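Fold the following.
(2 chains)
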Amino acid sequence: DIQMTQSPSSLSASVGDRVTITCRASQGISNFLAWYQQKPGKVPKLLIYAASTLQSGVPSRFSGSGSGTDFTLTISSLQPEDVATYYCQKYITAPWTFGQGTKVDIK
Amino acid sequence: EVQLVESGGGLVQPGESLRLSCAASGFTFSNYWMTWVRQAPGKGLEWVANIKQDGSEKYFVDSVKGRFTISRDNAQNSLYLQMDSLRAEDTAVYYCARSGTQWSFPPSYWGQGTLVTVSS
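Now for the predicted structure:
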């Protein structure tokens, strides 16, 4: 099975900072990669699919890039409401594996 | 408005069974792949299973193969997860989610989840 590895596992940044989270697949997955945001105590929310397509209603400060094995989620200017855990997920073949998550908080 | 409401969670002993249900509304249920995802307390997300629109294709994570069954009733707009031979490690919040009209779209709508606790 293809493994998904996120880094870092946690980060702390200031409001307004540019934040980057990386997700690496153990084999190529083309662009079948999604990013989710899960705020504390809440249901996961789809942010990005097809590696770089923003889901409707998601703020434009979120962006995704990558193809093959290496992917990036970027928050261009971190806001207090972005405190959450972020997960990548591959969905090219079963199992639709998630990364282990990256916890983002405010410094 | 898309709504997914899970039910059926609870406390069971190891080796017992439980059936989760998910009632869907606000969209044409029979047009979509459906998904179950779980999250153990304090842990990350784990994809559990997918089922195709007509139920003809089903996929499971290795850890539940042979123990869990996914099914759907398109007439009732309902998704199910039959969980047998439950283990402590199955303890989690189970989310029902709507995926795409084709395989190649991830879960975009999620229910609030139902908690399953497996403990003696």
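
and chain B, which residues reach chain A?
Counting by Cβ under 8 Å from any Cβ of the partner chain, chain B comes close to chain A at B:35, B:37, B:44-47, B:50, B:59-62, B:95, B:103-108, B:110-113. Bear in mind the C-beta positions are built from the backbone N, C-alpha and C, glycine included.

among the residues you listed, which are in helices?
Nothing among the residues of chain B next to chain A maps onto helices, per DSSP state H.

What are the boundaries of the strands in chain A?
Secondary structure of chain A (DSSP state E): strands located at A:4-7, A:10-13, A:19-25, A:33-38, A:45-49, A:53-54, A:62-67, A:70-75, A:84-90, A:102-106.

Report the buried members of the residues of chain B next to chain A.
The neighbour-count test (16 or more other Cβ atoms under 10 Å in any protein chain shown) marks B:35, B:37, B:45-47, B:50, B:59-61, B:95, B:103, B:105-108, B:110-111, B:113 as buried among the residues of chain B next to chain A.

Could you list the residues of chain A in contact with chain B?
Residues of chain A lying near chain B (Cβ under 8 Å from any Cβ): A:1, A:32, A:34, A:36, A:38, A:43-46, A:49, A:55, A:85, A:87, A:89, A:91-92, A:94-101.

which one is B:Gly113 nearest to, not counting chain neighbours?
B:Val93 (4.1 Å; Cβ to Cβ, 6 or more residues apart in numbering or on different chains).
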